[in-house]
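Chemist: Provided below for reference: sequence and predicted model.
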Amino acid sequence: MPWKKYEFKGQTVYVRVLATGKPIVHRGRVELRYKLGARKSYKAAPDNLVEIEGDTEIIDDMEMSGGPTQAAAATAALKEEPSVPPDAETIVIYTDGACSGNPGPAGIGVLVERPDQTIEISEFLGSGTNNIAELSAILRALQTLLPEDRDRAIHLYTDSGWSLGVLVGGWKAKANLELLDQIKLELEKYPRIELLKVRGHAGHAGNEEADRLATQATRREASAEPKLRPKRR
């Protein structure tokens, strides 16, 4: 069912209506939302609704929920499989952030699987939030890449849905904007990179290793020297 703007106690709201624009009343209540794109509905008495003079616009469910662009972005943000399966030349990266308290001591873990070697990074950030840790892990991973990696396929996995949302899902961030800008500048260097969602604590080896490295840095409140080793064939 569609929606229409009404005044409710001096505030503009969106009310679920029939195709005619008449509010749907169920058990003496109407359904309303306070802004376009909102997901949460509230119940209210229809007596408190006032029609907005001259406003006859009917808003469909797709537009009310954010429209096709937002829906597609949300799907992209939670993409778990790369567009093309990895081959021998693909760089596969796993990142994770850890935080003891929020904010509190924070650390990052990064596992980079290059065609010729594996890199492990465990770094302490100091005091930070979960979101800062997750973003910092992604940035640190991108900083390990080389100019010659520009044309490689790169698959970067994180278990942070929020990070994916603000980086590739079109979500609006209100904090950590400088950190996000740094990441986006790095992403622009690698046109074949894909940011992918991995389920945390689900037994995925790469994610578990990144989690271990991040937790280690947080608990010890210290960074370790990056470990480089030949990739096992």
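Modeler: Yep, that arrived.
Chemist: what sits against Leu179?
Modeler: Ile132, Leu135, Ser136, Leu139 (Cβ atoms under 8 Å, 6 or more residues apart in numbering). Using the backbone N, CA and C atoms, a C-beta is placed for each residue, glycine as well.
Chemist: cool, and Ser223?
Modeler: Gly107, Ser122, Glu123, Phe124, Ala217.
Chemist: okay, and the helix or strand of the chain with the least pLDDT?
Modeler: None of the helices or strands of the chain scores lower by mean pLDDT, DSSP states H and E than helix 67-77, at a mean of 51.
Chemist: Go through the contacts of Leu179 and flag which are in helices.
Modeler: Those of the contacts of Leu179 mapping onto helices are Ile132, Leu135, Ser136, Leu139, per DSSP state H.
Chemist: Out of the residues you listed, who's the most crowded?
Modeler: When neighbours are counted by other Cβ atoms under 10 Å, Leu135 leads the ones in helices among the contacts of Leu179 with 27 neighbours.
Chemist: Quick check: the gap between it and Leu213.
Modeler: From Leu135 over to Leu213 the distance is 16 Å, taken as Cβ to Cβ, to the nearest Å.
Chemist: which of the residues in the helix ranked longest in the chain are buried?
Modeler: Using DSSP H, we find that the single longest helix of the chain is helix 205-220. Neighbour counts over helix 205-220 (16 or more other Cβ atoms under 10 Å) mark 206-218 as buried.
Chemist: ok, so of these, who is nearest Arg229?
Modeler: The nearest member of the buried residues of helix 205-220 to Arg229, counting by Cβ to Cβ, is Glu209 at 12.6 Å.
Chemist: With adjacent residues omitted, what lies nearest to that closest one?
Modeler: Spatially, and ignoring its direct neighbours in sequence, Glu209 is nearest to Leu111 (4.9 Å; Cβ to Cβ, 6 or more residues apart in numbering).
Chemist: so who does the one you found touch?
Modeler: Neighbouring residues of Leu111 by Cβ under 8 Å, 6+ apart: Ile93, Tyr94, Thr95, Thr118, Ile119, Glu120, Ile121, Gly206, Glu209, Ala210, Leu213.
Chemist: Tell me if it really is in a helix.
Modeler: No. Assignment of Leu111 by DSSP: H, G, I helix; E, B strand; the rest coil gives strand, placing it outside any helix.
Chemist: And the pLDDT at it?
Modeler: Note on Leu111: pLDDT of 98.
Chemist: Okay, and the beta partners of it?
Modeler: Leu111 has these beta-bridge partners by DSSP bridges: Tyr94, Glu120.
Chemist: Sweet, I'm off.
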